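>>> Dropping the sequence and predicted coords here.
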Amino acid sequence: SLNQFNSIQVLWTQISPQRLPRGISSIVIGTVYHPPSSMDFLMLDYLYNSLSSIEASFPGCGIILLGDFNQLNGSRLCNFYKLKQIVNFPTRGSNTLDKIYTNLKRFYSPPIKMSPFGLSDHASIEVKPLERTNLPKPKITVKSRDIRPSKRLAMRLYLKEVDISTLINSQRSCEDKVKLLELIINTGMDRLLPLKSKTIVTSEPPWINQSLKCLIRKRQKALDQGDEVLFRTLRNRVNLSNILNRSFLEARLPSSWKLANISPIPKQKQILDVNSHLRPISLTSILSKVAEDFVVEEFVKPAVLKKVDPNQLTICTCLVQNLVYYANGQFGTIPGSNTTQALISMLHSWNKATDGSGATVRTVLVDFKKAFDLIDHHILVDKLKSYDIPESIVLWVIDFLTCRKQRVKLGNDCYSEWGTIPSGVPQGTKLGPWLFVIMINDLKIQDSELWKYVDDTTMSEIVERNNESNIQEKVDELTRHISIDKLTLNESKCKELRISFSKSPPDFDPITINNKQLEVVESVKLLGMQISNDLKWNSHISVIMKKANKRLYFLSQLKRSNSMAA
């Protein structure tokens with residue numbers, strides 16, 4: 001049913017042998033003759049349209065395109081349709097005119113050069129399929145709980161029949177109360193919702209590629225060991241107030257609340273350094289998260305909001321109706337603030353300073369090295385005590401930070417050994433971001449603008465025309481403050497952005513941190529937005545267009561395979 005033209009000499013056929021490789025629905029063969037005098041673009045356009053139609057009509061088909069192509073360049077055809085040209089020897093004289101393009105290269109042995117057929121002066125080509133070997137299919141065993149509605153109902157009845165409150169009240173310490181509660185719940189789950197092993201043969205269809213598997217694994221990591229679904233189903237079936245009140249009264253956490261499974265989340269696509277390119281996210285106990293949420297909402301957050309950069313909150317009018325921003329303030333975790341407000345604050349300040357004044361804005365983007373992991377507990381506790389937080393809650397937070405253990409989880413039943421945590425606050429917890437805000441809330445630099453979004457800190461200095469720049473002194477002051485708090489800067493990731501609209505921008509001495517010169521960049525990613533030194537949107541829009549083009553390419557691949565959108 002493919003359209004044919006008088007100048008195109010291609011014969012198509014579709015075959016469905018009884019035995020085909022797994023995932024291959026059929027084989028479409030195109031025999032091509034492209035005369036030397038023909039125009040290449042006509043043949044290429046025809047092949048593009050034909051192959052797109054074939055892939056849409058026969059999803060998962062194998063393609064073999066062969067014949068006398070003469071000097072036709074099919075490299076772009078190979079890139080677009082993932083074909084390989086497998087003939088690697090001359091077929092007429094010293095030229096390779098006869099070619100085979102296919103997406104089935106892995107199923108065939110290398111082509112063999114044979115003698116010409118009949119009166120032809122072209123060599124014949126023989127390609128044989130690889131011998132079929134019946135290898136055992138790999139099998140994996142997974143464990144999961146039976147959470148059918150009838151089983152969950154049985155679990156609800158079990159929790160209703162057991163007098164959990166009386167049993168928990170019989171225990172004195174919070175540690176014993178939690179152990180008893182975990183014993184009751186685990187006993188019920190093991191008897192009513194037992195773990196069952198399933199053996200799965202890994203014979204995925206061809207569209208289950210490595211990227212899709214990676215996305216599936218990331219989604220499943222959010223469920224930890226799968227018990228969160230069950231806990232949500234059985235919520236409000238157990239009274240936890242007795243345990244939580246006892247924990248706050250003792251200012252102690254049960255040992256099981258201090259255990260964390262670490263899921264390493266990549267910071268970038270290519271992982272070259274495990275220590276630098278992976279972000280450790282802690283998956284902690286659900287009961288611990290409930291207790292943390294109470295501590296944050298009732299005590300920590302109100303105390304922090306009273307003390308966020310006192311006497312430095314400058315409310316400025318913005319062009320956007322009813323929008324204000326806070327200069328020199330903390331935008332991260334603070335209710336009602338977000339990255340958009342932080343960016344508006346920065347851009348407003350920089351545009352206002354450079355609008356027709358001839359001034360230059362020198363901006364330093366500060367990057368902390370392992371910001372959450374290197375927090376000194378003693379310094380954090382000293383700062384915590386200066387806030388309006390009850391002593392019992394401070395002691396509870398101290399116990400929350402001490403004697404913690406973690407292990408790395410790489411898959412089902414694949415864990416590292418338990419390791420202690422000598423410093424830092426765990427990422428992925430409710431308390432973590434608020435404790436880091438407390439750690440850097442007193443970071444202030446005189447006569448400079450400072451924007452903080454949790455561990456992203458940006459500092460800028462406005463240098464008037466013909467004036468000297470003093471930003472090195474301010475950077476030194478910032479470095480000293482950070483050193484006192486025993487935090488560390490990642491000098492290689494700290495950047496300088498110079499914003500100036502003068503025809504002859506002034507030349508400044510480079511900024512150094514710990515004797516390392518900062519790189520001066522023309523464009524930098526800040527809080528998810530690409531900021532350029534001319535404050536134009538070109539670079540940001542270019543980044544968005546690249547992302548959009550990748551998604552459009554993915555949609556085109558789905559269209560070619562005739563896949564319907566979910």
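Cool, the structure landed.

>>> From residue 266, how far off is residue 272?
Separation of residue 272 from residue 266 (C-beta to C-beta, to the nearest Å) stands at 11 Å. C-beta: built from backbone N, CA, C; applies to glycine.

>>> out of those two, which sits in the busier spot?
residue 266 (12 against 7; other C-beta atoms under 10 Å).

>>> ok, the more buried one - contacts?
Taking C-beta atoms under 8 Å, 6 or more residues apart in numbering, we find residue 266 in contact with 277, 278, 279.

>>> Counting neighbours, what do you get for residue 293?
12.

>>> Residue 514 now?
Burial of residue 514 is recorded as 10 neighbouring residues (other C-beta under 10 Å).

>>> wait, what's in contact with it?
479, 489, 491.

>>> Counting neighbours, which of these comes out on top?
Counting by other C-beta under 10 Å, residue 489 has the largest number of neighbours within the contacts of residue 514, with 21 neighbours.

>>> What separation is there between that residue and residue 392?
35 Å.

>>> next one: residue 463
Taking C-beta to C-beta, one finds residue 463 at 50 Å from residue 392.

>>> more crowded one of those two?
residue 463 (21 against 13).

>>> Am I right that the more buried one is in contact with residue 448?
No - with contact defined as C-beta atoms under 8 Å, residue 463 does not reach residue 448; the gap is 11.3 Å.

>>> Now for these two: what residues contact both?
Common neighbours of residue 463 and residue 448 (C-beta under 8 Å, 6+ apart) are residue 471.

>>> residues in contact with residue 268?
Contacts of residue 268 (C-beta under 8 Å, 6+ apart): residue 277.

>>> for it, helix, strand, or coil?
Of the three states, residue 268 takes coil according to DSSP: H, G, I helix; E, B strand; the rest coil.

>>> and the gap between it and residue 277?
In this view, residue 268 and residue 277 are 6 Å apart by C-beta to C-beta.

>>> and if you look at residue 269?
9 Å.

>>> of the two, who's got more company?
Per other C-beta under 10 Å, whichever of residue 269 and residue 277 has more neighbours is residue 277, with 14 against 6.

>>> Okay, the more buried one and residue 271: tell me how far apart.
Using C-beta to C-beta, residue 277 is found at 5 Å from residue 271.

>>> Residue 354: neighbouring residues, count only.
The burial count for residue 354: 19, using other C-beta under 10 Å.

>>> I figured it hits residue 348, correct?
No - counting by C-beta under 8 Å, residue 354 stays clear of residue 348, with 11.5 Å between them.

>>> How far off centre is whichever strand or helix holds residue 340?
Under the criterion of DSSP states H and E, residue 340 resides in helix 339-354. Distance, stretch centre to chain centre, for helix 339-354: 27 Å (C-alpha atoms, centre = their mean, to the nearest Å).

>>> Repeat that for stretch 62-78.
Worked out by C-alpha atoms, centre = their mean, stretch 62-78 lies 38 Å from the chain centre.

>>> can you pull the contacts of residue 445?
459, 474, 477, 478.

>>> how far away is the third one from residue 264?
So that's residue 477. 35 Å.

>>> ok, now the second one?
For residue 474, the distance to residue 264 equals 36 Å [C-beta to C-beta].

>>> Would you confirm that residue 461 contacts residue 470?
Yes - contact criterion C-beta under 8 Å: residue 461 and residue 470 qualify, at 6.9 Å.

>>> Comparing these two, which residue is more hemmed in?
Neighbours of residue 461 and residue 470, each counted by other C-beta under 10 Å, are more numerous for residue 461; the result is 21 against 13.

>>> what's the closest non-adjacent residue to the more buried one?
residue 471 (4.2 Å; C-beta to C-beta, 6 or more residues apart in numbering).

>>> Show me the contact partners of the helix or strand containing residue 31.
Applying DSSP H and E as the criterion places residue 31 in strand 27-33. Applying C-beta under 8 Å, 6+ apart, the contact partners of strand 27-33 are 9-17, 20, 43, 47, 50, 54, 58, 61-69, 104.

>>> Quick one, which of these are buried?
9-10, 20, 43, 47, 50, 54, 58, 61-69, 104 (16 or more other C-beta atoms under 10 Å).

>>> Show only the entries of the residues you listed found in helices.
The helices, defined by DSSP state H, take in 43, 47, 50, 54 from the buried ones among the contacts of strand 27-33.

>>> Stretch 280-292: how far from the chain's middle?
With C-alpha atoms, centre = their mean, you get 21 Å for stretch 280-292.

>>> What are the buried residues along it?
Applying 16+ other C-beta under 10 Å to stretch 280-292 flags 280, 281, 282, 283, 284, 285, 287, 288, 291, 292 as buried.

>>> mean confidence for whichever strand or helix holds the last one?
For residue 292, the host element (DSSP H and E) is helix 286-295. When the per-residue pLDDT values of helix 286-295 are averaged, the result is 91.

>>> Show me what it is packed against.
helix 241-250, helix 391-401 (3 or more C-beta pairs under 8 Å, 6 or more residues apart in numbering; DSSP states H and E).

>>> what about 6 Å?
The helices and strands touching helix 286-295, judged by 3 or more C-beta pairs under 6 Å, 6 or more residues apart in numbering; DSSP states H and E, number zero.

>>> what sits up against it?
Helix 286-295 is contacted from outside by 231, 244, 257, 430, 431, using C-beta atoms under 6 Å, 6 or more residues apart in numbering.

>>> Of the residues you listed, which is the most crowded?
residue 257 (24 neighbours).

>>> What residues of stretch 475-483 count as buried?
For stretch 475-483, the neighbour count (16+ other C-beta under 10 Å) marks 475, 478, 479, 482 as buried.

>>> Once you drop chain neighbours, what's closest to the third one?
Just to be clear, that refers to residue 479. In space, and not counting its chain neighbours, residue 479 is closest to residue 513: 5.9 Å by C-beta to C-beta, 6+ apart.

>>> Double-check the one you found against residue 491; I have them as touching.
Yes - counting by C-beta atoms under 6 Å, residue 491 is a contact partner of residue 513 at 4.8 Å.
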